[in-house]
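**Student:** Just a sequence and a predicted model for now, questions to come.
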Amino acid sequence: MTTASNEVSEIDANARFPLSLLIASAILWLILSGVLAILNFAQNLSPSFLADCSWFTYGRLHAMQETAFIYGWVATAGFAVALWILGRLGGSPLRSLNWTVVGTIFWNLGVTIGLIGIALGDGTSISLLHLPDYVQPLLLVSFGAIAVTGVLAWTGRQHRATFAAQWYAVAALFLFPWLFSAAQAMLVWFPVRGTLQAVAAGWFLQGAWTLWIAPLALSAAYYLVPKISGRVIPAYDFASLSFWTLLVVGGWTGGRHLVGGPVPAWIATIAIVSCVMLTFHYAVTAINLRGAFGKSSISLKFIAYGVLAYVVGGFADAATAMRSVSEVTQFTWVSVAQTQLANSGAFTMIMFGAIYFLVPRIANQAWPSASLIRGHYIAALIGTTLLVGSLVVAGIVQGRDLANPATSFADLSAHVRPWLLAATASQALLVLGNIVFAIHFARVVVAKPTVTAENLFSQPPVMEASVS
Amino acid sequence: MRNGLIFFTGLFAAVLLSWAGIVLSSHAQLGKLTPYFDENEGKAFPLRPSGVAGQGQLVYDDLNCAVCHTQQVRRPDFGSDKARGWGDHQSVARDYIYDMRVQLGESRLGPDLANVGIRKTPYDSEDLLKLLYSGAGTMPPYKFLFEKRALAGRQPSDYAMKLRGDLAAPAGYEIVPTARAQALVAYLLSLNQAYEYPEARPVQPAAAKEGEHK
């Protein structure tokens, strides 16, 4: 599919500044959200920590950390990777990148104002929609501006036939504004009545994952796995069925968090059935992307971890949606662990792999240090695994204690404490790895190319393989 | 997937379908839910919360209390909600029709608050204010909801907190809850799902009812 000449084409050259800007903001948001997450965990261990400062009270800090992660890191990193892929597969240089630059600046501004607004108490208590009402329209408009480039790359593509990576990227860019504005309208501007709000919030929460975050990650994985491994995707015929399964069934999993709640029982039942149906999508994804495993390329190592986390997370979602399981795991750290597995495990790891692959190509500059990449990989690998693992154990302990009415909340928190301590430590490790990543990225961007592009990319796999 | 128009129509239809299926159809079912008039009591339930309680809900919302506290009681045979004294019967949609922003909650790091206004342990506004001021166990203190004022020879305020030990205000000062703290407490005390609606009663022959949903 690729030749060495592709690696130095001007498709990447003109995207250098806009994509670097997106990636730089993404990494900074990731570090910020990681630091906020550490502080938030520390408050679990020592409740009076920062409690006297209303800006950083537990609930607001939690909302800020989530917002910085989703609207900071996920959105901007996802944009960078999706736009780059659409440009590459569209076969011509990205157009209207000025829109992307302006959109990125206003998007970052919007998220910054949003975080300050949450700290001041203007935020909402809706998951993934904590942003104050006054910045949500700004984000919507900025999203549109950034996505213009992607739309043009799609409509102006050289080949009529499209690839799985394109479907996922286009779906993510096209569907998020609909989801986001529908959720705003129903929950913030004209709130629906009573527990319908919980139903709408659940629909948005699951939709954001299945129609936006997961497609962004899959787009990168579907593009890079065959490209780096040099093998075609096995069972590719099933990829489109798997794509439509995710898109059509995904939104119906919205009632997953409402099992046993004050909503009609059919909402939870449909969600459980949908979660089980989605395992078909996860199984096909695992088969399609199995080429990611056991390769020496460092990009693929990140992506392999991400794919594994994605598939395991999908099956875990189906298992915990079951009423008998959710009776214990609902409202516990297990749900937090699942979110972490999806966001930090699947999405973030795949994005790391993609960024390690694409940055040298847009910057015309090799990563200066293989050991820094390896260090980041080890920190991310251990940090994410330990974080998810300790939260799962904490959640099971918590769920059992909650099920036993004789256990007081004081005992419960004592039982959970060691596991939260481990989670805090792993979150710190993740932040450390990400700081290494940030420094490394800054070195690539700042340095002037010393090697001509032809020499740098004459053997495309070298950059990835050089690390191991 | 060569045809872009069909592709985009498909994408849009996928979202629209799930939205219509979940949100719109539950809106059809719940959107016009009315209060239930009990002829024996001569009152309609749920009771409409006071204006102060409504303000308190905004405080609850912006402090994001729902990160640690749920406000939903699950049915007696599903979890230990009843055994823990959080409520005698399950919460139903009708309990929430007056809520500006429903706070079902996502996590139970602290107890459920659906019925905190009628807790068995004597809970009055003074207890709740003390709890907010001092924190308890894993609950952080919320001292920023209180004001420390110099007495400067005045009489202490009627609302001044009666605190003892380490928490007590230094001589010549008093600690007074702000309007936000009082609104929050009024909201918490208004949380009451004691009234049992017909739909909250456990379904006796479970098998027969399940079939109707299909």
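**Tutor:** Thanks, I have it.

**Student:** gap between the residue of chain A positioned farthest from its centre and residue B:84?
**Tutor:** Distance from the C-alpha centroid of chain A peaks at residue A:406, with 39.2 Å (CA atoms, centre = their mean). Computed as CB to CB, to the nearest Å, the residue A:406 to residue B:84 distance reads 10 Å. No exception for glycine: its C-beta is placed from N, CA and C like everyone else's.

**Student:** May I have the predicted confidence score for the closest residue to residue A:108 other than its chain neighbours?
**Tutor:** Among residues not flanking residue A:108 along the chain, residue A:25 sits closest, at 5.2 Å (CB to CB, 6 or more residues apart in numbering or on different chains). According to the prediction, residue A:25 has pLDDT 97.

**Student:** Show me which helix or strand of chain B is least confident by mean pLDDT.
**Tutor:** Ranked by mean pLDDT, DSSP states H and E, the weakest helix or strand in chain B is helix B:206-210, scoring a mean of 51.

**Student:** can you check chain A too?
**Tutor:** For chain A, using mean pLDDT, DSSP H and E, the weakest element among its helices and strands is helix A:462-465, scoring a mean of 40.

**Student:** tally of neighbours for residue A:283?
**Tutor:** When neighbours are defined as other CB atoms under 10 Å in any protein chain shown, residue A:283 has 15 of them.

**Student:** Centroid-nearest residue for the chain?
**Tutor:** No chain was given, so I picked chain A. Chain A has residue A:347 as the residue nearest its centroid, 3.8 Å off, counting by CA atoms, centre = their mean.

**Student:** The intended chain is chain B.
**Tutor:** The C-alpha lying nearest the average C-alpha coordinate of chain B belongs to residue B:71 (CA atoms, centre = their mean; 4.5 Å).

**Student:** Surely that one is within a strand?
**Tutor:** No. Counting by DSSP: H, G, I helix; E, B strand; the rest coil, residue B:71 is not found in a strand; it is coil.

**Student:** Do I have it right that it meets residue B:114?
**Tutor:** Yes. With contacts counted by CB atoms under 8 Å, residue B:71 reaches residue B:114, the gap being 4.6 Å.

**Student:** Let's verify residue B:80: helix, strand, or coil?
**Tutor:** On the three-state scheme (three-state DSSP), residue B:80 is labelled coil.

**Student:** dump the residue contacts of it.
**Tutor:** By CB atoms under 8 Å, 6 or more residues apart in numbering or on different chains, residue B:80 lies in contact with A:402-405.

**Student:** Against chain B, how distant is the closest residue to residue A:292 other than its chain neighbours?
**Tutor:** The shortest distance from residue A:292 to any non-neighbouring residue, by CB to CB, 6+ apart, is to residue A:304 (4.1 Å). Plainly put, residue A:304 is 27 Å away from chain B if you go by CB to the nearest CB, to the nearest Å.

**Student:** neighbours of residue A:304, just the number please.
**Tutor:** By other CB under 10 Å, the residues close to residue A:304 number 23.

**Student:** Just give the nearest non-adjacent residue to the residue of the stretch 201-350 of chain A found nearest chain B, would you?
**Tutor:** Ranked by CB to the nearest CB, the top residue of the stretch 201-350 of chain A for proximity to chain B is residue A:251, at 2.6 Å. Leaving aside its sequence neighbours, residue A:251 sits nearest to residue B:18 (CB to CB, 6+ apart; 2.6 Å).

**Student:** Can you report how many residues neighbour the one you found?
**Tutor:** 26.

**Student:** Please save the CA atoms from the host helix or strand of it in PDB.
**Tutor:** In this structure, residue B:18 sits in helix B:4-18 according to DSSP states H and E. Provided in PDB are the C-alpha atoms of helix B:4-18 (Å, rounded to 0.1, in the frame of the first residue of the first chain):
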ATOM      1  CA  GLY B   4     -20.800   9.500   0.200                       C
ATOM      2  CA  LEU B   5     -24.500  10.500   0.400                       C
ATOM      3  CA  ILE B   6     -25.700   7.100   1.500                       C
ATOM      4  CA  PHE B   7     -22.800   6.900   3.900                       C
ATOM      5  CA  PHE B   8     -23.700  10.100   5.600                       C
ATOM      6  CA  THR B   9     -27.400   9.400   5.600                       C
ATOM      7  CA  GLY B  10     -26.500   6.100   7.300                       C
ATOM      8  CA  LEU B  11     -24.400   7.800   9.900                       C
ATOM      9  CA  PHE B  12     -27.000  10.300  10.700                       C
ATOM     10  CA  ALA B  13     -29.800   7.700  10.800                       C
ATOM     11  CA  ALA B  14     -27.700   5.600  13.300                       C
ATOM     12  CA  VAL B  15     -27.600   8.500  15.800                       C
ATOM     13  CA  LEU B  16     -31.200   9.500  15.100                       C
ATOM     14  CA  LEU B  17     -32.500   6.000  15.600                       C
ATOM     15  CA  SER B  18     -30.800   5.500  18.900                       C
END
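
**Student:** what's that helix packed up against?
**Tutor:** Packing partners of helix B:4-18 (3 or more CB pairs under 8 Å, 6 or more residues apart in numbering or on different chains; DSSP states H and E): helix A:164-184, helix A:196-208, helix A:239-250.

**Student:** Tell me which residues touch residue A:223, please.
**Tutor:** With CB under 8 Å, 6+ apart, residue A:223 has these contacts: A:85, A:88-89, A:163, A:165, A:354.

**Student:** quick one: the helix or strand hosting it to helix A:196-208, angle?
**Tutor:** According to DSSP H and E, residue A:223 maps onto helix A:214-229. Using axes from the mean of the first three to the mean of the last three CA atoms, to 10 degrees, one finds that helix A:214-229 and helix A:196-208 are set 10 degrees apart in direction.

**Student:** as a whole number, average confidence for helix A:214-229?
**Tutor:** For helix A:214-229, mean pLDDT is 96.

**Student:** now it, how far from the chain's geometric center?
**Tutor:** Distance, stretch centre to chain centre, for helix A:214-229: 14 Å (CA atoms, centre = their mean, to the nearest Å).

**Student:** got the buried residues for that helix?
**Tutor:** Across helix A:214-229, burial judged by 16 or more other CB atoms under 10 Å in any protein chain shown covers A:214-229.

**Student:** re the thing from before, contacting residues around the residue farthest from the centre of chain A?
**Tutor:** Per CB under 8 Å, 6+ apart, neighbours of residue A:406: none.

**Student:** Go ahead and report the secondary structure state at it.
**Tutor:** Under three-state DSSP, residue A:406 falls in the coil class.

**Student:** now do residue B:174
**Tutor:** Of the three states, residue B:174 takes strand under three-state DSSP.

**Student:** Go through the helices and strands packed on helix B:4-18 and pick out the most buried.
**Tutor:** Comparing these by mean neighbour count (mean count of other CB atoms under 10 Å in any protein chain shown), helix A:196-208 ranks first with a mean of 25.

**Student:** For it, output the C-alpha coordinates as PDB.
**Tutor:** Below are the C-alpha coordinates for helix A:196-208, written out as PDB (Å, rounded to 0.1, in the frame of the first residue of the first chain):
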ATOM      1  CA  LEU A 196     -35.600  11.700  31.400                       C
ATOM      2  CA  GLN A 197     -32.500  13.800  32.100                       C
ATOM      3  CA  ALA A 198     -30.800  10.700  33.300                       C
ATOM      4  CA  VAL A 199     -31.800   8.800  30.200                       C
ATOM      5  CA  ALA A 200     -30.600  11.600  27.900                       C
ATOM      6  CA  ALA A 201     -27.400  11.900  29.900                       C
ATOM      7  CA  GLY A 202     -26.800   8.200  29.600                       C
ATOM      8  CA  TRP A 203     -27.400   8.300  25.800                       C
ATOM      9  CA  PHE A 204     -24.900  11.100  25.500                       C
ATOM     10  CA  LEU A 205     -22.300   9.400  27.800                       C
ATOM     11  CA  GLN A 206     -22.400   6.100  25.800                       C
ATOM     12  CA  GLY A 207     -22.800   8.000  22.500                       C
ATOM     13  CA  ALA A 208     -19.700  10.000  23.200                       C
END
